[in-house]
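# Dropping the sequence and predicted coords here.
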Amino acid sequence: MIADHSAVSVTALYKSVGRKEILRGLSFDVEEGEVFGIIGPNGAGKTTTLRVLSGIIISYSGDVKVFGENPRSARAKGYISYMPEDAFPYDRLTGIENLQFYARIYSRGDRKLEESYLERGIKIASLGDRIYDRAMEYSRGMKRRLVIARTLMVNPKLAILDEPTSALDVESSVRIRDMIRSMKGNTTLILSSHNLLEVEYMCDRVLMINSGRGVKLGKPKEIIEETGTRNLEESFIKLVGEG
Ligand SMILES: Nc1ncnc2c1ncn2[C@@H]1O[C@H](COP(=O)(O)OP(=O)(O)OP(=O)(O)O)[C@@H](O)[C@H]1O
């Protein structure tokens, strides 16, 4: 059953590669406008889950819907903006040329829309005058900000960010975090992260997974209370640590 306010609905999602079971019956819903975090140890299946939601992985069993549509459908693809863990800019283009390139593609000839995407992208990337430098001259953190900007500038209905703040220094992380929080409402955001303090701060709800199974789903505050811990990191260790 898909509730009207569901942006994403996942029921009994299984994914195997060869004989290896990667996802073993994940079920969860993401409400429209939510910032939803997927957390879990290395190899838990976070990236695989995000790739299913983005319509990149098409062979799986279970029911997955994005705004009521199959994620691989053209309609769903129009709603989703996905940033993979290893996303990178075009090194030979400047920061602004990178954004222009994507703004042009996504605005499909609408010059006004192209301008507004670009303006938004520049703001999100907040690279100052360095936006006129070629991306090959950027630090890892600057490249990251550029690809996040390119993902979010198009005002997607659903943004899927795989580890958005990895490789970012404190200041850049804070900037991205605040920006993600400020998008709340218009865009539904699903992100994965290993930084649980950040997840606690940013996410309305969190799905904790381990070995492809859901371990816990809820608001960070509720999970912390239920587990009798001081923060999400401690809850995580209590629920997932030491198998
Ligand atoms: N194409 C594939 N072929 C074989 N195994 C795969 C494939 N893709 C993922 N896996 C395996 O599935 C498991 C889950 O991988 P996934 O990348 O989804 O985990 P993750 O939670 O994102 O991990 P990390 O935190 O390290 O990024 C891992 O054991 C990984 O080796």
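Nice, thanks for sending it over.

# Now do the contacts for A7.
By C-beta atoms under 8 Å, 6 or more residues apart in numbering, the contact set of A7 is V30, E31, E32, G33, E34, V66, F67, K157, L158, T188. Just so you know, the C-beta spots here come from the backbone N, C-alpha and C atoms, and that holds for glycine as well.

# quick check, it in a strand?
Yes. Assessed by DSSP: H, G, I helix; E, B strand; the rest coil, A7 belongs to a strand.

# gap between it and the ligand?
As judged by C-beta to the nearest ligand atom, to the nearest Å, A7 and the ligand stand 21 Å apart.

# From V30, how far off is the residue lying closest to that residue once chain neighbours are set aside?
Among residues not flanking A7 along the chain, T188 sits closest, at 4.0 Å (C-beta to C-beta, 6 or more residues apart in numbering). In this structure, T188 and V30 are 6 Å apart, going by C-beta to C-beta, to the nearest Å.

# Isn't V215 up against I209?
Yes. Contact between V215 and I209 holds when scored by C-beta atoms under 8 Å: they sit 6.2 Å apart.

# Scan the helices and strands of the chain for the one with the lowest mean pLDDT.
helix 170-182 (a mean of 81; mean pLDDT, DSSP states H and E).

# which secondary structure elements does it contact?
Helices and strands touching helix 170-182, by 3 or more C-beta pairs under 8 Å, 6 or more residues apart in numbering; DSSP states H and E, are helix 140-152, helix 196-202.

# could you point out which element follows that helix?
Under the assignment DSSP states H and E, the closest C-terminal helix or strand after helix 170-182 is strand 188-192.

# Pull out the buried positions in that next one.
T188, L189, I190, L191, S192 (16 or more other C-beta atoms under 10 Å).

# From those residues, pick the one nearest A135.
Of all the buried residues of strand 188-192, A135 sits closest to L191, with 22.7 Å by C-beta to C-beta.
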